[in-house]
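Engineer: I need the structure of the sequence given here:
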Amino acid sequence: MQSKELLEKFSSVISLSGYEYMAEKDLRKIIEDDFEGVFDEVYFDKFGGCHMIKKADASITSPKKILLDAHLDQIGLVVTNILDGGFLNVKSLGGFDMNVLIASEFYVYTYNAENPFIFSSDQKIRAIAVSVPPHLQRNGDNLPRMEEFMLDTGYSKEELEKIVKVGSPVSFKPEFMALENELVASTAYDDRVCGAVFMLAMKSLEKTPDVDVHVVMSVGEETSGLGGKTAAFAANPDFAVVFDVGFSRDPGVDAAGSFEIGKGTGVSYSASTNIPLTKKIVKLAKESDPQIPVQVIAEPGGTGTNAAVIQITGEGVPCVVMSLPLKNMHAQNEICSLKDIESSANFIKKIVESANDLI
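Structural biologist: Here you go, the predicted model:
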């Protein structure tokens, strides 16, 4: 399967932080349709995280284990109040830029009395962010605070109260777009695009690996770190690759902490990573034939990824943090490069094939 086709399918998956169970039906269909036979076991954990396991060759006794982690959850909103006129108050699930919110379209997921507070990506209404026209704004007006931010559904309050409740989740309206120069855009590529890379890498393996590979699309990274902790506990790996999106080196973005889009996978040296493991993985990329493009940055503190919780699980898990360059992070339309996806999938494949030499 081509990476562009997979990303288009992933664009319609809804997995808001805390509501990741909403993704299970669509993810199962993608796995069944496009990854049949790739994994030996697929299951969804108690919190909605997706686990895809490939066992080592049966001839290997007591194989080592590796964890490949990409978070499934996406940023979103949750309804906190229903107002007269069909307006909704909301709070954030993860970090938002108010500059982006007031120009966005949303889906509000509706309440089913027969299955209360189990929301489905198929049951939704549209909503638009409320904004004051520029003609009526006073000099010095600031952007609304989150507690002042509202959505307009077009319903009356009475109609809305029948289908929306306090606690109903809200997502950006997703729309897949193919751009020039092998770029693609949609909602929530942070971080399911990295999960797609893992799946493509595992599908490309020519033989059964020499290690058990535990691929996880984990929950709660944007809000709690819950899924990284539980995934590491479940897998008990010898090492982990934490793959998340990184800042694309665009105007206004610090060059020292960002990556050039289309120029390959980012790798971080950080207090939240294992330096010897990271050096081995960077060397693996550079010595591959053909060479795998890699971009290295230093993050003296944390990386803002699941590595922070995975590395301190159990007796400790050596982690390497890899990044896929992303434009417009946490906006309605995030942009990534198909070149980076394909080279990253090849990089992950090499890591899996060389895992015993990296431990």
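
Engineer: Number of residues surrounding Thr265?
Structural biologist: 29 (other Cβ atoms under 10 Å). Glycine gets a C-beta too; all of them are placed from N, C-alpha and C.

Engineer: Got the confidence number for the closest residue to Met199 other than its chain neighbours?
Structural biologist: Residue nearest to Met199 in three dimensions, not counting chain neighbours: Phe35, with 6.0 Å by Cβ to Cβ, 6 or more residues apart in numbering. Looking at Phe35, its pLDDT stands at 97.

Engineer: all helices for the stretch 51-200 of the chain, in order.
Structural biologist: Using DSSP state H, counting those that start in this stretch, the helices found in the stretch 51-200 of the chain span residues 98-101, 157-163, 189-204.

Engineer: Deepest-packed of the ones you listed, please.
Structural biologist: Stretch with highest mean neighbour count among the helices of the stretch 51-200 of the chain: helix 189-204 (a mean of 24; mean count of other Cβ atoms under 10 Å).

Engineer: Let's test this: mean pLDDT of that helix, rounded?
Structural biologist: The average pLDDT for helix 189-204 rounds to 96.

Engineer: ok, now stretch 320-338?
Structural biologist: 95.

Engineer: swap in stretch 168-175?
Structural biologist: Averaging pLDDT along stretch 168-175 gives 95.

Engineer: Can I get that stretch in CSV, CA atoms only?
Structural biologist: Provided in CSV are the C-alpha atoms of stretch 168-175 (Å, rounded to 0.1, in the frame of the first residue of the first chain):
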residue,chain,number,x,y,z
SER,A,168,-19.5,15.6,24.2
PRO,A,169,-16.2,15.6,22.3
VAL,A,170,-15.4,18.1,19.5
SER,A,171,-12.8,17.7,16.7
PHE,A,172,-11.5,19.8,13.9
LYS,A,173,-13.4,19.0,10.7
PRO,A,174,-10.9,16.7,8.9
GLU,A,175,-10.2,17.1,5.2
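
Engineer: and the angle for the helix or strand hosting Ser323 with helix 189-204?
Structural biologist: Take DSSP states H and E as the rule and Ser323 turns out to sit in strand 319-326. Put simply, strand 319-326 runs at 110 degrees to helix 189-204, going by axes from the mean of the first three to the mean of the last three Cα atoms, to 10 degrees.

Engineer: from the middle of its chain, how far away would the following helix or strand past strand 319-326 be?
Structural biologist: Past strand 319-326, further along toward the C-terminus, the next helix or strand under DSSP H and E is strand 334-337. Computed by Cα atoms, centre = their mean, to the nearest Å, the chain-centroid distance of strand 334-337 equals 13 Å.

Engineer: could we number from 29 for the rest of this?
Structural biologist: Yes, from this point I'll number from 29; that puts the last item at strand 362-365.

Engineer: So which elements touch strand 362-365?
Structural biologist: With contacts defined as 3 or more Cβ pairs under 8 Å, 6 or more residues apart in numbering; DSSP states H and E, the packing partners of strand 362-365 are strand 211-214, helix 217-232, strand 347-354.

Engineer: Of the ones you listed, give the one that comes closest to Gly195.
Structural biologist: Closest of those to Gly195 is helix 217-232, at 23.5 Å (criterion: Cβ to Cβ).
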